[in-house]
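**Student:** after the sequence you'll find the predicted model.
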Amino acid sequence: MGTVTDTSSRLAWSTPPAALAVCGIGGVVLAVAAFLSNDGPGRLLIGLAALGLLFMTVVGLRQRPRLAVEPGDPVQLVVRGLAGAQRYTPQQILRVRVVNYRRLGRRMPMLELDVDHQGDEKLLIFGRWDLGAHPEDVLEVLRIQLAR
């Protein structure tokens, strides 16, 4: 199953810490390999791969938890991004569904949220990497929590 964090009746989903740790360690290993490489083009490519993995690690850590339900009156859905957290009430959530996209020959489920963001409709898409859980499981919990 996925990572669902439940602390004091708060539900949150985010990229698993182990996955972020592996990305960070991989980035450091590739940075060392780039430093030790004697081949100029190879050094550049390995260095770019190291930067990519380290960037993914920083972004993943910055956005924790990626999606959360905070109890209150009304219940709020909190979505964290690079710029910070955005809060949405159930009235601002226009639609929640799971859509299967084709990626690399496989069907990948993605959680789609249509929200009213300051008068404009905004589409938010979360995959298994973002949530640390299967999008269908998150959808089921969101429907229960937001219906309260």
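**Tutor:** That came through, no problem. Numbers count the residues shown, from 1 in each chain.
**Student:** if I pick Val79, what's in contact with it?
**Tutor:** Applying Cβ atoms under 8 Å, 6 or more residues apart in numbering, we find Val79 in contact with Arg66, Leu67, Ala85, Gln86, Tyr88, Leu113, Leu124. From N, CA and C alone the C-beta is placed, and that goes for glycine too.
**Student:** helix or strand for the residue nearest to the last one when sequence neighbours are not counted, which one?
**Tutor:** If you skip the residues right next to it in sequence, Leu124 has Leu113 as its closest partner in space, 4.3 Å away by Cβ to Cβ, 6 or more residues apart in numbering. In the assignment (DSSP states H and E), Leu113 maps to strand 106-117.
**Student:** could you dump that strand to PDB, C-alpha only?
**Tutor:** The C-alpha trace of strand 106-117 is given here as PDB (Å, rounded to 0.1, in the frame of the first residue of the first chain):
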ATOM      1  CA  ARG A 106       1.200   1.400 -19.800                       C
ATOM      2  CA  ARG A 107      -1.900   3.000 -18.400                       C
ATOM      3  CA  MET A 108      -0.900   5.100 -15.400                       C
ATOM      4  CA  PRO A 109      -3.600   6.400 -13.000                       C
ATOM      5  CA  MET A 110      -3.500  10.000 -12.100                       C
ATOM      6  CA  LEU A 111      -5.600  11.900  -9.600                       C
ATOM      7  CA  GLU A 112      -7.200  15.000 -11.200                       C
ATOM      8  CA  LEU A 113      -8.600  17.900  -9.200                       C
ATOM      9  CA  ASP A 114     -10.400  20.700 -10.800                       C
ATOM     10  CA  VAL A 115     -10.500  23.600  -8.300                       C
ATOM     11  CA  ASP A 116     -11.700  27.200  -8.300                       C
ATOM     12  CA  HIS A 117      -8.400  29.100  -7.700                       C
END
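**Student:** that strand - contacts with which helices or strands?
**Tutor:** Here strand 106-117 touches strand 76-81, strand 84-88, strand 93-103, strand 120-126, helix 128-131, helix 135-146, going by 3 or more Cβ pairs under 8 Å, 6 or more residues apart in numbering; DSSP states H and E.
**Student:** so what's Asp116 up against?
**Tutor:** With Cβ under 8 Å, 6+ apart, Asp116 has these contacts: Tyr88, Gln91, Gln92, Ile93, Leu94, Lys122.
**Student:** looking at the contacts of Val79, which is nearest Gly40?
**Tutor:** Arg66 (38.3 Å; Cβ to Cβ).
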